[in-house]
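*Asks:* Test case, fold it:
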Amino acid sequence: MEHTTNYRSTFIEVADDCPADGATEPPTTEKPTIAALHYRLITEQPYARTSDDVIFETFALRAGIASDDDDARAVFFSKGQPCLRSSPLGKRYGWGILHDADGRVALVPRESEEYAALAADPSLAHTRAMRSRRA
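*Replies:* Alright, predicted model coming up:
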């Protein structure tokens, strides 16, 4: 059985304990962090990748394997993987993550009018990024 992290027509709001008042780009380092890779993959082509695509491509880049390796992808998703609710983008850097009707993702800055409109949109499913600490 193949697992998935994809959502459809869902808005992942910023975590309750996110320290960022506004969206910030994750810092770039010599070895890119998960946050930096998620940010790059989503912002370079908004609504081009699903959550599964972003998560697997991040794994592939960090592991040094081809992102189009279907066998590696099948093995990767043969067990459950954390979804984008666990991404540092929503937990720490102030980005909402919108999944469209086809499951493709884009980032929405927390301080934007678009974020406020999406957070109030009853036609979308709503969830929050995971908290960094227990309540």
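*Asks:* which residues touch the residue sitting nearest the centre point of the chain?
*Replies:* Nearest residue to the geometric centre of the chain (CA atoms, centre = their mean): residue 84, 3.7 Å. By CB atoms under 8 Å, 6 or more residues apart in numbering, the contact set of residue 84 is 5, 12, 38, 51, 54, 55, 90, 97, 105. Where you see a C-beta, it was placed from the backbone N, CA and C, and this is true even at glycine.
*Asks:* mind putting these in CSV, distance to residue 122 included?
*Replies:* Listed next are the contacts of residue 84 as CSV, based on distance: CB to CB, whole Å:
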residue, distance to residue 122
5, 24
12, 16
38, 27
51, 22
54, 26
55, 28
90, 21
97, 19
105, 21
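*Asks:* From the residues you listed, pick the one nearest residue 112.
*Replies:* Minimum distance to residue 112 across those is 13.3 Å, recorded for residue 97 (CB to CB).
*Asks:* Specify the beta-bridge partners of that closest one.
*Replies:* residue 12, residue 107 (DSSP bridges).
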